[in-house]
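A.B. asks: quick one, what's the 3D model for this:
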Amino acid sequence: MAKEKTTSINRRDDMISAAIEVFAETGYYRATTAQVAERAQISQPYIFRFFKTKEELLLSALEVSWTRVIDSFRKVVETAEPERLEADLIRAYEQIIESHKSEILLQTQAQTIREDVIRQAMQKGIGEVRAMVLKAFMDAGIAEAEERTKIFLAVGLLCNMSTALDMPELMGK
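C.D. replies: A predicted model of the protein is given here:
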């Protein structure tokens, strides 16, 4: 029974990973669960064993992407020297963009989806990041922590746009 549960968890993770890629490449509205199933190398009905709707699959994908950002930032906050905090957070985010580009593209697209439940998921993710960064900046004694947090988030959104548009010059690269 434990092996079956582990396999189910792994398959669910495979579906979410496939959904992240398909949604990022195709866009949420154009993507189909059949495309996700094909990418995950499973049958389409198997997806609905885990997710009642495509929207529920998107919400899980967004949760995974936000968890990655928050966990990465948490590690930095726990270990960074105060004078290195902001630079280390930026470096952590750059690493996420490099290694999980599809998740960033997914979040960028999700910002434009008007369904309340999707907006709430995005608000929750951004809100958690904001709260964590603001607290870390305050604890580190960074002057004007609220303003620095706004700028940090704005630069992050610019990074996302730069990635989505394939315009590294937006980031001075």
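A.B. asks: of all residues in this protein, which one is nearest the centre?
C.D. replies: The centre of the chain sits closest to Ser65, judged by Cα atoms, centre = their mean, with a distance of 2.7 Å.
A.B. asks: need the contact list for it.
C.D. replies: By Cβ atoms under 8 Å, 6 or more residues apart in numbering, Ser65 lies in contact with 20, 100, 103-104, 106-107, 125. The way it works is simple: take the backbone N, C-alpha and C, and place the C-beta from them, glycine included.
A.B. asks: so what's it closest to, chain neighbours aside?
C.D. replies: Glu103 (3.7 Å; Cβ to Cβ, 6 or more residues apart in numbering).
A.B. asks: same deal with Pro168?
C.D. replies: Closest to Pro168 by Cβ to Cβ, 6+ apart is Ser162, at 6.1 Å.
A.B. asks: before we move on, which element is that neighbour in?
C.D. replies: helix 145-165 (DSSP states H and E).
A.B. asks: what is that helix packed up against?
C.D. replies: Judged by 3 or more Cβ pairs under 8 Å, 6 or more residues apart in numbering; DSSP states H and E, helix 145-165 is in contact with helix 85-99, helix 101-110, helix 116-139.
A.B. asks: pipe the ones you listed into TSV and attach distance to Leu58, mean neighbour count and mean pLDDT per row.
C.D. replies: Conversion of the helices and strands packed on helix 145-165 to TSV gives the following (distance: least, Cβ to Cβ, whole Å; neighbours: other Cβ atoms under 10 Å; pLDDT from 0 to 100):
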stretch	distance to Leu58	mean neighbour count	mean pLDDT
helix 85-99	19	16	96
helix 101-110	7	20	96
helix 116-139	7	16	98
